[in-house]
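Engineer: sequence and predicted structure are below.
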Amino acid sequence: MSNTKKIILTILAIALVVGVFFGINKYFQGSDLDKTIYITIINDTNGEVLMEKTKFKTEKETLGDFLEENKEKLNVKMTDTQYGRFLDGLLGLETADMTKGPWWMYTYKSEEKGLEMKIGEAPGVDSLGLNDGDEIEFHYTIMSGM
Amino acid sequence: MNSKKVTRVAMLASILYIIQFIGSGLLYIELVNFTILLYGVTLKRDESYLAVTIFCLLVMLTRGFGLWTIMYLVVFPQYALIYAALGKKIKSLYLLALLGFVLAFICGTLIDIPYIIAANLDYKGLIIRLLLGFQVSIVNALVTFIATLFLLDPLNKLLLKLNT
């Protein structure tokens, strides 16, 4: 097989993969415009509702960036991993044992995108795009969705 | 099995482990699938199967006895058998690269199956999970495809030399 053929095939394959990659990315992409989102925070270990459907204004595109923006207000603790940031702590509640939990998990509802994700279904905070009217419910729970 | 063969299988498994270890730090770029393809196409069936199985056991020993390490053991040795059976019959490098692309693409989903079942996802949840997985799988598939096109022939010759 000639090198020219290999190079042409490689370029075609890269084009296909880039198309699919960004197509999927777009599906989960958020809006960088001014928007309102609603946050609920529940400690499932004792049933206490720490924050109920509280309105937040943000221009951030992803949940990770929104949490970073509200780091002080929500007392957010996140760790950088190869898969993006991982949520360790909210409002003073932090995961002490990564193998046993409780962990911070969340549900996500977006009327604009027609998406509804249960605990364990939503992607990581850096992969979850935000849109106007989105509702995110954080749970400090031992349920991992599995 | 003679001592020469045992040593060779151990070395091949170790090389595969090193490749996996390096790739685990790079989310989208891994050459495990390509290396299994190379072993399957180049080596005798029992050698490639053993090398890949020992590699999976090494991963299990060092990374813990988890669902994903068990799935490695379920999926990858069978891949070695598929490459050994089909790869030696396929004469075209294009088709071999395409086979590598397809198997590398579905590999992530196969390893994810127990998690998908345990999560008891509804239809939409399943689609979301698959799409997010495809994002990683398609790049791995591309890497396998390109590596097969450009590296299979030279590494094939090298491995055959080592075998003689």
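Structural biologist: Yep, it's here.

Engineer: please point out which parts of stretch B:108-126 sit buried.
Structural biologist: B:Gly108, B:Leu110, B:Ile111, B:Asp112, B:Tyr115, B:Ile116, B:Ala119, B:Leu121, B:Gly125 (16 or more other CB atoms under 10 Å in any protein chain shown). C-beta here means a position set from N, CA and C on the backbone, and glycine is covered the same way.

Engineer: any chance of TSV for those, columns pLDDT and secondary structure?
Structural biologist: Shown next, in TSV, are the buried residues of stretch B:108-126 (pLDDT from 0 to 100; DSSP: H, G, I helix; E, B strand; the rest coil):
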residue	pLDDT	secondary structure
B:Gly108	89	helix
B:Leu110	94	helix
B:Ile111	91	helix
B:Asp112	88	helix
B:Tyr115	83	helix
B:Ile116	83	helix
B:Ala119	73	helix
B:Leu121	73	coil
B:Gly125	75	helix
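
Engineer: so which of those are also by chain A?
Structural biologist: The subset of these within reach of chain A, by CB under 8 Å from any CB of the partner chain, is B:Tyr115, B:Ala119, B:Leu121, B:Gly125.

Engineer: point out where the chain drops to low pLDDT.
Structural biologist: No chain in the question, so chain A it is. A:1, A:144-146 (pLDDT under 70).

Engineer: ah, I was thinking of chain B
Structural biologist: Those would be B:26-28, B:163-164, if you go by pLDDT under 70 across chain B.

Engineer: 50 - rerun?
Structural biologist: Across chain B, nothing is flagged by pLDDT under 50.

Engineer: let me know the helix or strand that A:Ile37 is in.
Structural biologist: strand A:35-43 (DSSP states H and E).

Engineer: can you give the distance of that strand from its chain's centre?
Structural biologist: 13 Å (CA atoms, centre = their mean, to the nearest Å).

Engineer: and it, what other elements does it pack with?
Structural biologist: With contacts taken as 3 or more CB pairs under 8 Å, 6 or more residues apart in numbering or on different chains; DSSP states H and E, strand A:35-43 sits against strand A:48-58, strand A:135-141.

Engineer: can you tell me which residues in chain B are near chain A?
Structural biologist: B:25, B:27, B:93-94, B:97, B:101, B:115, B:118-119, B:121-122, B:124-125, B:128-129, B:131-132, B:134-135, B:138-139, B:141-142, B:145-146, B:149-150.

Engineer: packing partners for the stretch of helix or strand A:Gly23 belongs to?
Structural biologist: Here A:Gly23, judged by DSSP H and E, is contained in helix A:3-28. The helices and strands touching helix A:3-28, judged by 3+ CB pairs under 8 Å, 6+ apart, are helix B:93-119, helix B:123-163.

Engineer: what is the longest one packed up against?
Structural biologist: Based on contacts counted as 3+ CB pairs under 8 Å, 6+ apart, the elements that helix B:123-163 packs against are helix A:3-28, strand A:115-117, helix B:32-42, helix B:93-119.

Engineer: could you measure from the nearest residue to B:Leu12 once chain neighbours are set aside over to B:Thr42?
Structural biologist: Nearest residue to B:Leu12 in three dimensions, chain neighbours excluded: B:Ala51, at 3.8 Å (CB to CB, 6 or more residues apart in numbering or on different chains). As judged by CB to CB, to the nearest Å, B:Ala51 and B:Thr42 stand 11 Å apart.

Engineer: same check on B:Leu155?
Structural biologist: To B:Thr42, B:Leu155 is 8 Å away according to CB to CB.

Engineer: if you count surrounding residues, which of these two has more?
Structural biologist: Comparing B:Leu155 with B:Thr42 by other CB atoms under 10 Å in any protein chain shown, the one with more neighbours is B:Thr42, at 22 against 16.

Engineer: what parts of chain A come near chain B?
Structural biologist: Applying CB under 8 Å from any CB, we find that chain A lies next to chain B at A:1, A:6, A:9-10, A:13-14, A:17, A:20-21, A:24-25, A:27-28, A:82-83, A:115-118, A:120-121, A:123, A:127, A:145-146.

Engineer: just the buried ones out of these, please.
Structural biologist: Buried positions within the residues of chain A next to chain B, assessed by neighbour count (16+ other CB under 10 Å), are A:6, A:9-10, A:13, A:17, A:20-21, A:24, A:28, A:115-118, A:120-121, A:123, A:127, A:145.

Engineer: center of chain A - which residue?
Structural biologist: Per CA atoms, centre = their mean, the C-alpha nearest to the average position across chain A is that of A:Val125, at 2.6 Å.

Engineer: apart from its neighbours in sequence, what residue is nearest that residue?
Structural biologist: In space, A:Val125 is closest to A:Gly64, 3.8 Å off (CB to CB, 6+ apart).

Engineer: still on that earlier bit, closest to chain A out of the ones next to chain A among the buried residues of stretch B:108-126?
Structural biologist: B:Gly125 (4.2 Å; CB to the nearest CB).

Engineer: that concludes my questions; thank you for your assistance.
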